[in-house]
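Enquirer: for reference, the sequence and a predicted model appear below.
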Amino acid sequence: MPVKDLFLTSSFVAEKLGVSPQTIHKYCEEGVFPGAFKLGDGRTSPWRIPQKSFEAYLKQRGQAAKAS
């Protein structure tokens, strides 16, 4: 059975990167985290970020932190 993709909240990612959740929302809108999506159509709808995209971002930035 294949493993399902894991998704992180924008608040979690913001905390790990030391930035605001609004910054993460902007990154998601700009495509910084491929595969990120909103859970609704509203302005305040939460974002979900694929763990693989977050880890790739960390690797690209030279950070060794894990998303767990």
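Expert: Arrived safely. Residues are numbered from 1 along each chain as shown.

Enquirer: after the strand or helix carrying residue 24, next one along is what?
Expert: According to DSSP states H and E, residue 24 maps onto helix 21-30. Going down the chain from helix 21-30, the next helix or strand is strand 37-38, by DSSP H and E.

Enquirer: in its sheet, what does that following strand sit against?
Expert: Using DSSP bridges, the strands paired with strand 37-38 are strand 47-50 (antiparallel).

Enquirer: and the angle from the helix or strand following the strand it pairs with to helix 21-30?
Expert: Using DSSP H and E, the helix or strand that directly follows strand 47-50 along the chain is helix 51-61. On the basis of axes from the mean of the first three to the mean of the last three CA atoms, to 10 degrees, helix 51-61 is oriented at 100 degrees to helix 21-30.

Enquirer: going by neighbour count, list what's buried in helix 51-61.
Expert: Neighbour-count burial for helix 51-61, counted by 16 or more other CB atoms under 10 Å, picks out 51, 53-55, 57-58. C-beta: built from backbone N, CA, C; applies to glycine.

Enquirer: picking up where we left off before, how distant is the helix holding residue 24 from the center of its chain?
Expert: In terms of CA atoms, centre = their mean, to the nearest Å, the centre of helix 21-30 is found 9 Å from the chain centre.

Enquirer: same thing with stretch 47-57?
Expert: That offset, for stretch 47-57, works out to 4 Å (CA atoms, centre = their mean).

Enquirer: other residues contacting that stretch?
Expert: 5-10, 13, 16, 24-25, 28, 32-39, 66-67 (CB atoms under 8 Å, 6 or more residues apart in numbering).

Enquirer: now list the buried members of those residues.
Expert: Buried among these by 16+ other CB under 10 Å: 7-8, 10, 13, 16, 24-25, 28, 32-33, 36, 38, 67.

Enquirer: can I get those in TSV with pLDDT?
Expert: Formatted as TSV, the buried ones among the contacts of stretch 47-57 follow (pLDDT from 0 to 100):
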residue	pLDDT
7	96
8	96
10	95
13	96
16	95
24	96
25	94
28	96
32	96
33	97
36	96
38	95
67	52
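
Enquirer: hmm, back to that, just checking, what packs against the helix holding residue 24?
Expert: helix 10-17, strand 47-50 (3 or more CB pairs under 8 Å, 6 or more residues apart in numbering; DSSP states H and E).
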